[in-house]
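Enquirer: For reference, the sequence and a predicted model appear below.
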Amino acid sequence: MPQYSFRLTGKEEPEMIFDEIRKRYVKLTDEEWVRQNFVRYLVSEGGYPPGLIVVEGFFRWNGLKKRADIIVHNRRGEPVLIVECKATTVEIDDSVHGQLGEYNLKFQVPYVLFTNGLRHYAFRFYHDRRVYDYLAEIPLYKDIIDETL
């Protein structure tokens, strides 16, 4: 990913980073660093509208409160992409795939993505066949919208 600059503050302990989507400072953890960089990547390089991105979107699933790292919506307000972010030290393995698969049972989005800031895995989900196809590149917003309309 490209290098981005962020508004940081060291006045509090721990250090805080300004989240442009949530419009507030949040605790700067390794996972938050990945999340903020990936949101910036989606907006800057992928053409994703910031107003259609939810960061740390809470939802209920099977009576439990869950949190999706990034949810992107189309202009009708329907979710079209879920992104699961992990710290750079966390391997993207079957447990991460399972977590995002579970979230997609709730949202039924056509695109899912995993990232630890170093490695990114994007998939297209075909509801009719219940199959995930690996994508060689992170899709641009316009491509997602063109395909899902």
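Expert: Cool, the structure landed. Quantities reported herein were computed from a predicted structural model and do not represent experimental measurements.

Enquirer: going forward, measure contacts and count neighbours with C-alpha atoms only.
Expert: Noted.

Enquirer: Okay, and the residue most central in space within the chain sits in which element?
Expert: For the chain, residue 83 is the residue whose C-alpha lies nearest the centre (C-alpha atoms, centre = their mean; 2.6 Å). Applying DSSP states H and E as the criterion places residue 83 in strand 79-85.

Enquirer: Strands of the chain, residue ranges please.
Expert: 8-9, 16-19, 24-27, 53-61, 64-73, 79-85, 111-115, 120-126, 131-135 (DSSP state E).

Enquirer: Strand 79-85 and the longest one, what's the angle between them?
Expert: Taking axes from the mean of the first three to the mean of the last three C-alpha atoms, to 10 degrees, strand 64-73 and strand 79-85 form an angle of 120 degrees between their directions.

Enquirer: List the buried residues in strand 64-73.
Expert: The neighbour-count check on strand 64-73 (16 or more other C-alpha atoms under 10 Å) flags 67, 68, 69, 70, 71, 72, 73 as buried.

Enquirer: sorry, back to before: which stretch among the strands of the chain comes nearest residue 145?
Expert: For the strands of the chain, the distance to residue 145 is smallest for strand 79-85, at 8.2 Å, taking C-alpha to C-alpha.

Enquirer: Parallel or antiparallel, list what pairs with the strand holding residue 83.
Expert: strand 64-73 (antiparallel), strand 111-115 (parallel) (DSSP bridges).

Enquirer: burial count for residue 49?
Expert: 15 (other C-alpha atoms under 10 Å).
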